Structure formats: structure tokens, C-alpha cells
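**Student:** Here's a sequence, model it:
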Amino acid sequence: MDPVMHSFDPPERFVAGTVGAPGQRTFFLQARSGRQVVSVALEKQQVTVLAQRVDELLDELMHADTDILIPAVAPLDLADDGPLEQPIDEQFRAGTMTLSWDTDDERIVIEVYPIDAAEEEPEVAGEVLVVRLPAASARAFVERARKVVSAGRPDCPFCGEPIDPVGHLCVRANGFKRRA
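**Tutor:** Below you'll find the predicted structure:
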């Protein structure tokens, strides 16, 4: 069976976003080109790691001895603070993600496979989201992803776990309930 490939080369829009209140948010990667919109659910940590790895790859390319023009920061005209496209229809839940640089097209390539593909080889997954981004768009993705992740609950200064509006039981404070 051939996998269903959701390919965006390049997308008109590729963002990380959330639905729900802090502490109960669902995270999504969403790509759009024309009327084609694909939303993939994932964990907060996956968004964090993806943004970090994209940023690191761009930094490495920027400092490499090549003729590739890589912006150090996201261009202002590519900032995207808009909400996710509605309706949000979850295509699948993300499992394995790969990241690479296509030297011929000078684009970052992000491949997202369903969580059930982690048990199999990703190449035989039933679906895959493939997004190919120019460097400037990738920087804009990183900036928005970091904003989305940091917009949640504040972290406890002692244990690093999120603090709910009513406080939390901090293991480093011997279970003492701290107030936000």
C-alpha cells in the first residue's frame, strides 16, 4: 500500500498552534497551500524539539562556508500570529519526525510520520506530512513555535514542572503546594 503523502513545497503557511486552555492544550502542526490544509496533532515537547532542531540546522548552515543566504532572525514580513485554520481536522498524531536540508533547492525538509509508524519503519507508514521550507520561512516557524510553547502555564522555579492556576505539588519543596 502506497502511503498518503501530504506534500507542501513550499506551503503558503506552516505553523505550530494550539487549541484549548493552558494545561489542557492540544498542539498542532498545520500546513496550508490553497484549499489544502493538513493538521497534525503532537506533543508540546515535540514542538519544542522540532523548533530547536530547525534553528540549530539553520545556524549551522549560516556559519558553514557556503554561498547559502540564511537569515539570522525571522524576517518581520513572515511573522504569523494568526489562529490555526478552521475547522481543525486532525489528520494523524505525530510520531517520528525527520529533518534535513535539500542543497539543490536550498530548503529545509520536515517529514512527520504517524505515531503508529514508530513501531514500523517510517518508510512504510500509511501517511506522511512533508513540508519543504525556505530558510526565512523556517526561521519564522521557529519564532512562532517558541511563542506558542511559552504561552502556556509558567514553570515552577524549583522543579521546572508547570504550575496550575491553583498551584502544584512541588517535589523539590517536599510536596508543599505553591501558589502561582
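**Student:** Give the rounded mean pLDDT of the top strand by length along the chain.
**Tutor:** When the chain is parsed with DSSP state E, its longest strand is strand 90-102. The average pLDDT for strand 90-102 rounds to 96.
**Student:** what angle separates the longest helix anywhere in the chain from strand 90-102?
**Tutor:** Ordering each helix of the chain by length in residues (DSSP state H) puts helix 44-63 first. Note on geometry: by axes from the mean of the first three to the mean of the last three Cα atoms, to 10 degrees, helix 44-63 and strand 90-102 are set 20 degrees apart in direction.
**Student:** Buried residues, helix 44-63. List them.
**Tutor:** Lys44, Gln46, Val47, Thr48, Leu50, Ala51, Val54, Asp55, Leu57, Leu58, Leu61 (16 or more other Cβ atoms under 10 Å). Quick note: C-beta positions are derived from backbone N, CA and C, even for glycine.
**Student:** what residues are up against Cys156?
**Tutor:** By Cβ atoms under 8 Å, 6 or more residues apart in numbering, the contact set of Cys156 is Pro162, Ile163, His168, Cys170, Arg172, Arg178.
**Student:** ok, the third one touching Pro162?
**Tutor:** Yes: His168 is within contact range of Pro162, at 7.2 Å (criterion: Cβ atoms under 8 Å).
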